[in-house]
Structures are given as structure tokens and as C-alpha cells.
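*Asks:* Kindly generate the corresponding structure for this input.
(one chain, ligands or ions: 1)
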Amino acid sequence: MQQRALGRTGRDVSAIGLGTWQLGADWGAVDENDALAVLEASVAHGVTLFDTADVYGDGRSESIIGRFLAARPDHGITVATKMGRRVDQVAENYTLENFRTWTARSRKNLGVDTLDLVQLHCPPTDAITANRTYDDLDRLVDEQAIAAYGVSVETCEQALAAIARPNVTNVQIILNPFRLKPLDEVLPAAAEAGVAIFARVPLASGLLSGRYTRTTSFAADDHRSYNRQGEAFDRGETFSGVDYETGLRAARELAEALPDGVPLAAASLAWVASRPGATSVIPGARSTSQASGNAEAAVLLEDAAFIADFDAAVQDVYDRLLRADIHPQW
Ligand SMILES: NC(=O)c1ccc[n+]([C@@H]2O[C@H](COP(=O)([O-])OP(=O)(O)OC[C@H]3O[C@@H](n4cnc5c(N)ncnc54)[C@H](OP(=O)(O)O)[C@@H]3O)[C@@H](O)[C@H]2O)c1
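*Replies:* Numbering: from 1, shown residues only. Here you go, the predicted structure:
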């Protein structure tokens, strides 16, 4: 597993990390022992980055990670959490006092004195552009509540605004074969500034596993049932904002472009991780087999000819089926 610099922190993180939204909520039930097994399988395959948030299962994802790491004092894992979604989404709520309260809760959940990395959790644009936000985050670093901070964003414009700030460690953004716009400006700007990029929703919420059909159903408490039109949060977080039927067709065409035996999920993850400027791709996994399969995509990442061939298919499918709808939106 390649390890890559986490911005200017001096830490390295694995090119393929683990997203742990599934271990909290919003994707149907995941038993705690199964959640711990997903973490274990990932670490066994060289994963050294867990992405979580204070709202995933209202702290459950953080708490499970905290228990997992407490039993492994020399774990070498970086935990990136998020804050900001426990209140109304207005810039006025992004205050130093709230930052202190939220990070105190996450420190307790994770069982640490200092958080490795905290990301603002897709805040309103005016919180991303306000000087005060970064002054307050710098203060949290001074107070050793956090070691570093970043911003998770919805749009490329927001990403560029965050990258321009001198002490931002990482930007987290949706990047996958159905979401190519960050390749235009965001990844080059991040590389130039020494800002790490975490690529989230890399499997387009599972569409890029290639195993869904028109009749696939999702649990009522799974966001793929209730957020397809953005009813609960940004529409782009569910299936990457791609219309389900179009996504099925695009996934089928990409799968047909692959050599026999190569899973579309692994190809997609390797392709994302191979984009210049991408630091870590953070797929979510609901089972040990998904977690292991995702980490094993690191092997494909070493195969430059395979990546070049798949890149050609990605660009072609995106241009024909997705660009006109997706490119202007995020
Ligand atoms: N605003 C934010 O900052 C934000 C928003 C979204 C996500 N995130 C982070 O990004 C992470 C990743 O995004 P995501 O979880 O939303 O979407 P994702 O990684 O694109 O998709 C995850 C889903 O893909 C399927 N899957 C995973 N591995 C697979 C494999 N090897 N083979 C077949 N199917 C596989 C599973 O679907 P099934 O459930 O159908 O098995 C899984 O639930 C999250 O866990 C979270 O940490 C952050």
C-alpha cells in the first residue's frame, strides 16, 4: 500500500483509506462487531487513514473507532473526523465556542487528547470564505485540541477557496469516474499549495460496484432511499448526484471496458487514487469483504498501463453520458 504525505503535517496516510459513514448510520444497520471487523480488515491490508464525523450515528462511528484504536496503542492510524453538522447550517454557528464544544465531544468519543485532523463538514460557503473561521481553527491548534484541520466541500469553488488558506491541511471532495470536475483546477491547485486531497464517495455510493440493477432496493433508513433528490442533504452525496438509470448505464459501460476478472469497484478506486494531486481515496465499506477488496485495489494502482486504459474509458463515458449534467453543478 502506497503511503502519501498528509499535506504539510509530516504524517503519511495510505493511498486507499476507509470511510466510516456506514459504521454510524444512514446506510441501514451495521452491527458493532461487524464494524470492528471492517476496521480490522482494512488495517490488515495496510490502510492507515480512517475518515469519520461527529454526526455518523451521532458519534457511534467515532466511538467504535476509539475503542478499536485504544486496544492498539502503536496503531499508526490517522483519524480524520468532521464537525459542524450538529447545528443549523448558517455561518454564524461556526464559532470558536462551538468548535471547542464539538472537538471536545469528538476527543471524548475517540479517546484522545488531540484530534489528528478535523474537517469542517461541508459548511456554508460564507463560513469557508470567512477569515474568522481560520483564525478560530488556528486557535484550536494552539490549544492542542486538534493537530491539523481541513475542509470537506461540495463544490470546486469552495475547494479552491479553502486551498488558498495557508494552514489548511486537506480538502475533502467528491471525485470518482462520475465526477471529474475536480481534476480541472482543484487537484492541480492543491498539489501546488501542498494541500492533501481526500476523494470521497469514490464508488458513487456503490453504483460503481456495478452490481445494482433497476430493481435493487435500499433500506428505508438508507440515504439511497430517501436522499435521491436531496431531501435531507446535498443531492450530490447520493449516487454522486447522478440520475440512477444513467448511473446504471455508465457503470455497465465501464465494467465492459475492463479486462476479465477486474472488479469495477477496484478499478474505480485505483483510478481515483492515481489522479495527480489525489492523496487518499476513502471508500465506505459495510463488510470485511468490501473493506479487503477496496484495500486490495492498491495492486492495480501500480499498473500504469491498466490505469491509462481505464482512464480512456472513464473520459469517454463521462463525456457522452454525464458531463453535460454533472460538470456545471458541483
Ligand atoms: N460531506 C462529507 O464530508 C461526506 C459525505 C459523504 C461521504 N463522506 C465520507 O466518504 C466515505 C465514502 O463515501 P460513501 O461511503 O458515501 O460512498 P462510496 O464509498 O462511494 O460507496 C460506499 C458503498 O459502496 C459499496 N461498496 C463499497 N465497497 C465495495 C466493494 N468492494 N464491492 C462492491 N460494493 C462496494 C457499498 O454499498 P452497499 O451498501 O450497497 O453494500 C458501500 O456502502 C464515507 O464513508 C465518509 O467517510 C463524507
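*Asks:* Please spell out which residue in this protein sits farthest from the middle.
*Replies:* Within the chain, Asp260 marks the point farthest from the mean C-alpha position, 28.2 Å out by CA atoms, centre = their mean.
*Asks:* ok, and does the worst-scoring helix or strand of the chain on mean pLDDT reach over to the ligand?
*Replies:* Using mean pLDDT, DSSP states H and E, helix 223-226 stands out as the lowest-scoring helix or strand of the chain, at a mean of 92. No - using CB under 6 Å from any ligand atom, helix 223-226 never reaches the ligand; the gap is at least 7.6 Å. C-beta here means a position set from N, CA and C on the backbone, and glycine is covered the same way.
*Asks:* residues of that helix that come out buried?
*Replies:* By neighbour count with 16 or more other CB atoms under 10 Å, helix 223-226 contains the buried residues 223-224.
*Asks:* show me where the stretch 201-330 of the chain has strands.
*Replies:* 280-281 (DSSP state E, counting those that start in this stretch).
*Asks:* In it, what residue lies closest to the ligand?
*Replies:* Proximity to the ligand, evaluated over the stretch 201-330 of the chain using CB to the nearest ligand atom, is greatest for Gly284 at 2.4 Å.
*Asks:* How many residues are close by that residue?
*Replies:* When neighbours are defined as other CB atoms under 10 Å, Gly284 has 23 of them.
*Asks:* For it, give me the pLDDT.
*Replies:* Gly284 carries a pLDDT value of 96.
*Asks:* how far away is it from Gln229?
*Replies:* From Gly284 across to Gln229, the span is 21 Å (CB to CB, to the nearest Å).
*Asks:* now Gln315
*Replies:* Gln315 is 28 Å from Gln229, by CB to CB.
*Asks:* More neighbours: which of the two?
*Replies:* Higher neighbour count among Gln315 and Gln229: Gln315, with 14 against 8, using other CB under 10 Å.
*Asks:* Excluding chain neighbours, give the residue nearest to that one in space.
*Replies:* Leu180 (7.6 Å; CB to CB, 6 or more residues apart in numbering).
*Asks:* near the ligand, which residues of the stretch 101-250 of the chain?
*Replies:* 121-122, 152, 172, 200-206, 209, 237.
*Asks:* top of those by neighbour count?
*Replies:* Pro202 (30 neighbours).
*Asks:* who's in contact with Leu175?
*Replies:* Leu175 sits next to 182-183, 187, 197, 199-200, 202, 272, 275, 278, 281 when contact means CB atoms under 8 Å, 6 or more residues apart in numbering.
*Asks:* Stretch 111-131: which residues count as buried?
*Replies:* Buried-residue list, stretch 111-131, by 16+ other CB under 10 Å: 115-124, 127-129.
*Asks:* ditto for stretch 42-56
*Replies:* Within stretch 42-56, the residues scored as buried using 16+ other CB under 10 Å are 42-43, 45, 47-56.
*Asks:* What's the end-to-end length of it?
*Replies:* End-to-end distance for stretch 42-56, by CA to CA, to the nearest Å: 19 Å.
*Asks:* what about that stretch, average pLDDT?
*Replies:* Stretch 42-56 shows a mean pLDDT of 97.
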